[in-house]
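*Asks:* could you work out the structure for the sequence below:
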Amino acid sequence: MRPSVTTAVAACVLAASFSQSAIAQSDVPASHWAATSVKTVIARDVMDAPGGRFNGGGKVARIELANTLARFAQALEKGGWSGTAASPAQKKQPSAAAWESSAVTRYELAALLDRAGRNIAQGLPKAVGKTFGASEALPSIPPDKLPKSGPARDSLAFLAKNHMIWPNSPLLNPTSAPVTGKEVVTALTSLIAGVNDRLTDEPQNREDLGAPPSHQRGK
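*Replies:* Residues are numbered from 1 along each chain as shown. All right, here's what the predicted structure looks like:
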């Protein structure tokens, strides 16, 4: 049986592990701990670097995260992610509590998506182009919950249509407010469940995904 994508990636998501190497972006040193990850997400059109500058220390806003996660899901559907395991973490990890409440930088998001993408790819079928339907683990989102306009409208419509986002996700209010580590983990976990159900014939049970964010401790 194919291993659960959600289960296989959960540990790396919660740890927010990072990889490293060289890149050509003018503001990302070749020796930077997130250099390889930045190169990967840009090459797969998941994140961008306008004018050759990645601005890795910048905080990720809700708008950017919504657009980035939609492109991340589409990259996984295209089969464009290597199924090789990511490199061990090189950056000193903050405590889970500190990371959950802190604003996430673009460097951290790039590294997290690179590592998650590699792990997810190991659990997805090699063939691309075939889908099995939207996730049954995540509920539908009424149209009136989606923004009618704005730079994240199309991305949120894609995530909602394919059941890759919770109905009470803060991303549905796509402002310039920075996202926290906890919000990134919650959004990415939902996306992973949705991608797994859409691209495999072994949908995850609601129990695998866990309680909706509103039912989790601290909400």
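
*Asks:* okay, now the unreliable bits of this protein?
*Replies:* Applying pLDDT under 70 to the chain flags residues 1-25, 80, 82-96, 126-137, 201-219.

*Asks:* in this structure, which spans are helices?
*Replies:* 5-15, 35-43, 62-77, 96-101, 106-123, 153-161, 181-199, 206-209 (DSSP state H).

*Asks:* for Pro50, find the nearest of those helices.
*Replies:* Set against Pro50 and scored by CB to CB, those come closest in helix 35-43, at 10.8 Å. Every residue, glycine included, has its C-beta placed from N, CA and C.

*Asks:* that closest one: which residues count as buried?
*Replies:* For helix 35-43, burial by neighbour count (16 or more other CB atoms under 10 Å) applies to Ala35, Thr36, Ser37, Val38, Lys39, Thr40, Val41, Ile42.

*Asks:* Thr186: which of these is nearest?
*Replies:* Nearest member of the buried residues of helix 35-43 to Thr186, counting by CB to CB, is Val41, at 19.9 Å.

*Asks:* got the contact list for that closest one?
*Replies:* Met47, Ala110, Leu113, Asp114 (CB atoms under 8 Å, 6 or more residues apart in numbering).

*Asks:* mind checking how far it is from Asp144?
*Replies:* 32 Å (CB to CB, to the nearest Å).

*Asks:* before we move on, back to that, and of the contacts of Val41, the nearest to Leu159?
*Replies:* Using CB to CB, those come closest to Leu159 at Leu113, 14.7 Å.

*Asks:* since we're on the closest one, how many residues are nearby?
*Replies:* 25 (other CB atoms under 10 Å).

*Asks:* same check, this time on the one 10 residues further on
*Replies:* By other CB under 10 Å, the residues close to Gly123 number 21.

*Asks:* same question, Pro142
*Replies:* Around Pro142 there are 9 residues (other CB under 10 Å).

*Asks:* nearest spatial neighbour of it, chain-adjacent residues omitted?
*Replies:* Pro167 (7.6 Å; CB to CB, 6 or more residues apart in numbering).

*Asks:* thinking again about what came up before, I'd like the buried residues of helix 35-43 laid out as JSON lines, including distance to Lys59.
*Replies:* Formatted as JSON lines, the buried residues of helix 35-43 follow (distance: CB to CB, whole Å):
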{"residue": "Ala35", "distance to Lys59": "20"}
{"residue": "Thr36", "distance to Lys59": "22"}
{"residue": "Ser37", "distance to Lys59": "17"}
{"residue": "Val38", "distance to Lys59": "16"}
{"residue": "Lys39", "distance to Lys59": "21"}
{"residue": "Thr40", "distance to Lys59": "21"}
{"residue": "Val41", "distance to Lys59": "17"}
{"residue": "Ile42", "distance to Lys59": "19"}
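
*Asks:* contacts for stretch 166-185, please.
*Replies:* 13-14, 16, 59-63, 65-66, 69, 99-104, 108-109, 112, 138-142, 145-147, 150-152, 156, 159, 165, 186-187, 190, 212-214.

*Asks:* again, 6 Å this time
*Replies:* Applying CB atoms under 6 Å, 6 or more residues apart in numbering, the contact partners of stretch 166-185 are 13, 59-63, 65-66, 99-104, 139, 141, 145, 152, 187, 190, 212-214.
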